[in-house]
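A.B. asks: sequence isn't available, so here's the structure alone:
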């Protein structure tokens with residue numbers, strides 16, 4: 001998915017350890033024109049720019065396509081990152097300049113690695129009545145950020161979750177990393193976790209987590225309590241490295257659905273502007289210029305005409321630079 005902010009800001013894609021629970025409230029961003037699909041963004045925001053290598057999180061729906069027009073994101077570029085698509089409802093057609101043509105369906109992860117450069121389109125299919133899901137980005141470390149592009153797909157099975165007394169509390173689908181004894185075959189450049197949890201009504205669950213990771217809990221439903229902090233739909237609860245267990249409680253009479261994200265804190269200073277991740281102002285300028293002049297770096301997306309593409313927004317009048325992490 002493209003970042004369609006008309007005035008994108010440079011973002012320091014880095015996280016800082018935080019004691020306790022930090023609640024990040026989303027901001028609403030329209031994807032397109034008047035009848036736009038509205039997404040709720042919690043990464044990056046002013047309060048939190050990153051969780052491990054997760055650097056972008058848009059939550060959308062459930063949205064009737066008849067009202068929003070669905071998703072219609074025409075070809076646009078990426079560098080230095082991976083996109084992760086995860087749906088709850090609906091279907092999206094993915095086509096990229098590497099020749100990959102794939103469908104995004106509920107409960108299936110599609111991970112596209114931009115590496116040196118790629119372009120792609122994402123359009124909801126005619127059969128989609130309701131669109132509901134997440135778009136996530138992962139920053140690639142310097143050692144591999146200029147590698148060739150790639151694509152991975154996996155359909156994780158739901159696995160039962162059990163409470164401390166052994167009773168069933170819900171299910172989990174692990175789409176990245178390892179959790180609850182389940183490991184995803186998806187390959188990532190840094191240690192990470194991504195999982196969808198369904199927590200039964202009224203249930204309380206303690207989960208074992210990697211103390212080297214920082215974690216985020218992004219809620220898809222109405223209410224959840226994370227380590228004593230109450231969050232609502234589309235909000236994100238952040239917990240820094242250190243804890244070996246996290247407590248989740250569903251105080252409602254309906255199942256709670258949440259996405260658990262985690263990873264080792266990302267320590268490299270990077271610049272994230274529009275759909276590009278780089279290390280310097282000059283790199284970002286070059287990426288933008290290459291996209292505008294139809295460079296081979298980004299290729300072409302089949303089925304779309306040469307002028308059917310999202311133009312790059314203008315750069316700011318000041319030089320882009322990484323923001324320093326707290327304590328530096």
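C.D. replies: Nice, thanks for sending it over. Predicted, not measured: the structure shown is a model, and the values here were computed from it. Numbering: from 1, shown residues only.

A.B. asks: ok, which stretches of the stretch 51-200 of the chain are helices?
C.D. replies: Secondary structure of the stretch 51-200 of the chain by DSSP state H, counting those that start in this stretch: the helices cover 65-68.

A.B. asks: pLDDT weak spots in the stretch 1-150 of the chain?
C.D. replies: By pLDDT under 70, the low-scoring segments of the stretch 1-150 of the chain are 1-19, 32-35.

A.B. asks: any chance you could map the strands in it?
C.D. replies: Counting by DSSP state E, counting those that start in this stretch, the stretch 1-150 of the chain has strands at residues 11-12, 21-24, 27-31, 37-43, 54-64, 72-78, 81-89, 92-96, 101-104, 109-113, 118-124, 130-139, 150-154.

A.B. asks: how about those strands in a markdown table, adding distance to residue 260 and mean neighbour count?
C.D. replies: Where you see a C-beta, it was placed from the backbone N, CA and C, and this is true even at glycine. Shown next, in a markdown table, are the strands of the stretch 1-150 of the chain (distance: least, CB to CB, whole Å; neighbours: other CB atoms under 10 Å):
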| stretch | distance to residue 260 | mean neighbour count |
| --- | --- | --- |
| strand 11-12 | 23 | 21 |
| strand 21-24 | 14 | 19 |
| strand 27-31 | 22 | 15 |
| strand 37-43 | 14 | 22 |
| strand 54-64 | 11 | 22 |
| strand 72-78 | 25 | 22 |
| strand 81-89 | 12 | 22 |
| strand 92-96 | 23 | 21 |
| strand 101-104 | 20 | 16 |
| strand 109-113 | 14 | 24 |
| strand 118-124 | 24 | 24 |
| strand 130-139 | 12 | 22 |
| strand 150-154 | 17 | 16 |
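
A.B. asks: nearest to residue 309 among those strands would be which one?
C.D. replies: strand 72-78 (4.4 Å; CB to CB).

A.B. asks: what's the closest one packed up against?
C.D. replies: For strand 72-78, the elements it packs on are strand 118-124, judged by 3 or more CB pairs under 8 Å, 6 or more residues apart in numbering; DSSP states H and E.

A.B. asks: next one: the strand it packs on to chain centre, how far?
C.D. replies: Distance of strand 118-124 from its chain centroid, counting by CA atoms, centre = their mean, to the nearest Å, is 15 Å.

A.B. asks: much appreciated, bye for now.
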